[in-house]
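Visitor: What shape does this take:
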Amino acid sequence: MIVHGANDPRVNKIEGDQIVISMRDKNLPVEYIVAPDEGHGFQRPVNSMAMLAAAEKFFAKHLGGRYQESMTPEVAKRLKEITVDVKTVSLPKKGGN
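Guide: Alright, predicted model coming up:
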């Protein structure tokens with residue numbers, strides 16, 4: 001699971017994209033969360049709750065165990081908004097064309 005704030009001044013979003021693409025191309029399970037309104041670490045409570053809900057489900061799926069499916073409508077909506085379909089992740093073309 002890759003979690004990224006699109007405005008992160010320390011780790012550029014393209015680095016997260018590269019990891020996702022590499023894992024996807026190797027047929028490894030990968031999930032990607034990108035919050036367009038966050039930087040290095042999530043500060044907005046709704047983003048944090050959405051990320052934690054996704055992480056809990058991810059860990060249950062890959063490590064075993066259970067997770068709480070229910071969440072507030074606001075958190076569910078936000079999670080849907082910030083979850084990236086890994087099939088759509090691509091890198092910019094070199095040379096700008």
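
Visitor: Spatially central residue (nearest the centroid) of the protein, please.
Guide: residue 33 (1.2 Å; CA atoms, centre = their mean).

Visitor: Distance from the chain centre to the helix or strand containing it, please.
Guide: Residue 33 is located in strand 32-35, with elements delineated by DSSP states H and E. Remark: strand 32-35 is offset 3 Å from the chain centroid, using CA atoms, centre = their mean, to the nearest Å.

Visitor: who's in contact with the residue nearest to the centre of the chain?
Guide: Residue 33 sits next to 1, 2, 3, 4, 50, 51, 54, 79, 82, 83, 84 when contact means CB atoms under 8 Å, 6 or more residues apart in numbering. For the C-beta atoms, the positions are set from N, CA and C on the backbone; glycine is no exception.

Visitor: try 7 Å
Guide: 3, 51, 54, 82, 83 (CB atoms under 7 Å, 6 or more residues apart in numbering).

Visitor: Quick one: buried ones out of those?
Guide: 3, 51, 54, 82 (16 or more other CB atoms under 10 Å).

Visitor: Please narrow the residues you listed to those residing in strands.
Guide: residue 3 (DSSP state E).

Visitor: Tell me where this structure has helices.
Guide: In the chain, the helices defined using DSSP state H lie at 13-25, 45-63, 73-82.

Visitor: Not counting its neighbours along the chain, what's nearest residue 60?
Guide: residue 67 (4.1 Å; CB to CB, 6 or more residues apart in numbering).

Visitor: Report the contact partners of the one you found.
Guide: Applying CB under 7 Å, 6+ apart, the residues near residue 67 are 56, 57, 60.

Visitor: go on, residue 55?
Guide: residue 1.
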